[in-house]
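Undergrad: Sequence and computational prediction follow.
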Amino acid sequence: MMKNCDSFFSLFNNSYTGFPQNFPKFSKGEQCENKKVFDVFAGKLKSYQADKSKLKEKLQPKSLKIKLKYLFQKFFEYSDEQLSVIFSEEMFQSTIDFVRVARSFDPEMSFHDIFQATRNVWIMNGVQFLLGQKVELTPSIFAYSMLYPYTDNFLDNPLVCDSDKISFCDRFLKRLQGVDVVAVNDDELKIFRMVELIEENWNREKYPKVYESLIGIHDAQVNSVRLLNVSDELNSDDILKICIQKGGTSVVADGYLVLGNLKLEQEKFLYSYGAYLQLLDDLQDVGDDYNSSLMTYFSFSAQSQKLDELANMILNLGLKVVQQAKNMGTGQVDVFQSLMRKSIELFLVDSVLSNKQFYTRKYVRKIEEHSPFSLDFIRNQKRLQVNIQEKLTDDLMGLISGNEMNDTISFIQKKEPAY
């Protein structure tokens, strides 16, 4: 794994710092039209929230899918081919299945945590698609997606003392190694159940790389705890490598949990893809991380400089990672690459406009030209839309999880571990 980390580290440091070429733009007229359409959509959401019967009627999963597909095409200019992948019946069903199973397994799990876990489901479904596998929710995808946030939230919790974190990490590592460890609390019981689900899906003797990859992400996650300790004397290169390792090992594990075994070129691409996704997340979260003294490459850099050039590097780096996907050798590479490019562009725009205090005014205005919405609209409407989302969240999750589960996803009922 260290070889992959060093390779990606070099790729990042050699990325072009100038503003990216061929970055799609939105005219003032297009931004104005998008505002009107979004206002109508937001108004409907508010009316659905006010009328529960209308909410149930209008926002059933299939109806919600149609509305979201229209918005993606209207606002973000996704092509029909791209939308056919994002909103395929298999991809959408996997999402619905995951929410239902997660709610069934852990009724107390918050929407924030479910959404956090769902993001990994989407990545793993994307890996299934890229590798030519059937796109569906498997026991391994469910289990791995639930492990993080379960373990992330525990290790990132500043109220948990270091000794408790170390003790948990030791027990969790032994469990990943196949040792029959006794859970000491309800949280560990849930985490160890997720490991059991993976064991039921992948035989340890036949697929040792699955468990080596899980230990790899565990080691990277434990190492990332150093980012919470502001007294730990880390330089920017140290921080960057920690972030690279966490992201890279995570998606490599995704690949092994999808296929069981990977070729060398598949592992290398998935490592780069995961490392890049981690950096994108860190760029988007730079404001929260900076305020909470969590050291990432960007929150650390923001202490001494504006992030204009680093944002450029991230987008240009993404285009290099996109090119690496050609080595996967499947018929889905072209559309996967086009989706990656589109996602990278939109993610960068959102990251900059949501954290504009870390960029020069000139750069923010330049990025605004590439946004489907104007900066003024985003600034004025952000809080309103967050409020709408918060009010609708539980209702939407209730609609999704209230329906009957498919027999194929009742795997959580197979057995219950004991203390």
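TA: Everything's here; your move. Residues are numbered from 1 along each chain as shown.
Undergrad: Identify the residue spatially nearest to Gly287, adjacent ones excluded.
TA: Excluding the flanking residues, the one nearest Gly287 by Cβ to Cβ, 6 or more residues apart in numbering is Asn355, at 4.5 Å. All C-beta atoms are positioned from the backbone trio N, CA, C, and that covers glycine.
Undergrad: which residues of the stretch 251-400 of the chain score low on pLDDT?
TA: 380-400 (pLDDT under 70).
Undergrad: same question but for the stretch 51-200 of the chain, I mixed them up
TA: Where the stretch 51-200 of the chain drops to pLDDT under 70, the residues are 51-65, 67, 75.
Undergrad: Over to Gly178. Which of the three states is it?
TA: coil (DSSP: H, G, I helix; E, B strand; the rest coil).
Undergrad: Let me know the helix or strand that the residue nearest to Gly318 when sequence neighbours are not counted is in.
TA: For Gly318, ignoring the flanking residues on the chain, the nearest one in space by Cβ to Cβ, 6+ apart is Ile344 at 4.0 Å. Element membership for Ile344, per DSSP states H and E: helix 333-354.
Undergrad: for that helix, packing partners?
TA: Using 3 or more Cβ pairs under 8 Å, 6 or more residues apart in numbering; DSSP states H and E, the elements in contact with helix 333-354 are helix 80-86, helix 111-130, helix 264-284, helix 308-324, helix 361-368, helix 375-402.
Undergrad: what's the closest of the ones you listed to Leu240?
TA: Nearest of the helices and strands packed on helix 333-354 to Leu240, taken as Cβ to Cβ: helix 264-284 at 8.4 Å.
Undergrad: gap between the helix or strand that the closest one is followed by and the chain center?
TA: Counting by DSSP H and E, the element after helix 264-284 in chain order, helix or strand, is helix 286-291. From the chain centre to the centre of helix 286-291 is a distance of 18 Å (Cα atoms, centre = their mean, to the nearest Å).
Undergrad: could you measure the nearest residue to Met146 once chain neighbours are set aside against Gln73, distance?
TA: With Cβ to Cβ, 6+ apart as the criterion, Met146 has its nearest non-adjacent residue at 5.3 Å, and that residue is Met194. From Met194 across to Gln73, the span is 36 Å (Cβ to Cβ, to the nearest Å).
Undergrad: same check, this time on Glu188
TA: 45 Å.
Undergrad: the more surrounded of the two?
TA: More crowded of Glu188 and Gln73, by other Cβ atoms under 10 Å: Glu188, with 21 against 15.
Undergrad: Touching, that one and Phe168? I think so.
TA: Yes. Counting by Cβ atoms under 8 Å, Phe168 is a contact partner of Glu188 at 7.1 Å.
Undergrad: Can you tell me the centre-most residue of the protein?
TA: Centroid-nearest residue in the chain: Arg119, 4.0 Å away (criterion: Cα atoms, centre = their mean).
Undergrad: ok, now how distant is Leu319 from Asn312?
TA: 11 Å.
Undergrad: contacting residues around the closest residue to Phe269 other than its chain neighbours?
TA: In space, Phe269 comes closest to Gln324 once its chain neighbours are excluded; the distance is 4.9 Å by Cβ to Cβ, 6+ apart. Counting by Cβ atoms under 8 Å, 6 or more residues apart in numbering, Gln324 makes contact with 268-269, 272-273.
Undergrad: and stretch 176-184, C-alpha only, in PDB?
TA: Taking Å, rounded to 0.1, in the frame of the first residue of the first chain, the C-alpha atoms of stretch 176-184 are listed here in PDB:
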ATOM      1  CA  LEU A 176     -10.700  -8.200  11.700                       C
ATOM      2  CA  GLN A 177      -7.900 -10.800  12.100                       C
ATOM      3  CA  GLY A 178     -10.500 -13.500  12.800                       C
ATOM      4  CA  VAL A 179     -10.100 -13.700  16.600                       C
ATOM      5  CA  ASP A 180     -13.400 -14.400  18.500                       C
ATOM      6  CA  VAL A 181     -13.400 -11.100  20.500                       C
ATOM      7  CA  VAL A 182     -16.100 -10.400  23.100                       C
ATOM      8  CA  ALA A 183     -17.900  -7.100  22.600                       C
ATOM      9  CA  VAL A 184     -17.800  -4.900  25.700                       C
END
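Undergrad: What residues sit buried inside that stretch?
TA: Neighbour counts over stretch 176-184 (16 or more other Cβ atoms under 10 Å) mark 176, 181, 183 as buried.
Undergrad: how about stretch 197-210: buried residues?
TA: Neighbour-count burial for stretch 197-210 [16+ other Cβ under 10 Å]: 197-199, 201-202, 207, 209-210.
Undergrad: Now the terminal residues of it, how far apart.
TA: 13 Å (Cα to Cα, to the nearest Å).
Undergrad: The residue nearest to Phe269 and Phe373, how far apart?
TA: From Gln324 to Phe373 the distance is 31 Å (Cβ to Cβ).
Undergrad: returning to that earlier point: which one (most neighbours) among the contacts of Gln324?
TA: Tyr273 (29 neighbours).
Undergrad: distance of Ser338 from Lys35?
TA: Taken as Cβ to Cβ, the span from Ser338 to Lys35 is 27 Å.
Undergrad: Have a look at these two and say which one is more surrounded.
TA: Lys35 (19 against 16).
Undergrad: Wait, Phe23 touches Ile344, no?
TA: No. Phe23 is not in contact with Ile344 according to Cβ under 8 Å; the separation is 10.2 Å.
Undergrad: Identify the residue spatially nearest to Leu147, adjacent ones excluded.
TA: In space, Leu147 is closest to Met194, 5.0 Å off (Cβ to Cβ, 6+ apart).
Undergrad: ugh, typo on my part, it should be Glu309
TA: Glu309's closest residue in space is Thr17 (Cβ to Cβ, 6+ apart), at 4.3 Å.
Undergrad: so the one you found makes contact with Met313?
TA: Yes. Contact status for Thr17 versus Met313: in contact at 5.6 Å, counting by Cβ under 8 Å.
Undergrad: So those two - more neighbours on which side?
TA: Neighbours were tallied for Thr17 and for Met313 using other Cβ under 10 Å; the higher tally belongs to Met313 (20 against 11).
Undergrad: dump the residue contacts of the residue nearest to the more buried one when sequence neighbours are not counted.
TA: With sequence-adjacent residues excluded and distances taken as Cβ to Cβ, 6+ apart, Met313 is closest to Ser15, at 4.3 Å. Ser15 is in contact with 313-314, 316-317, 320, counting by Cβ under 8 Å, 6+ apart.
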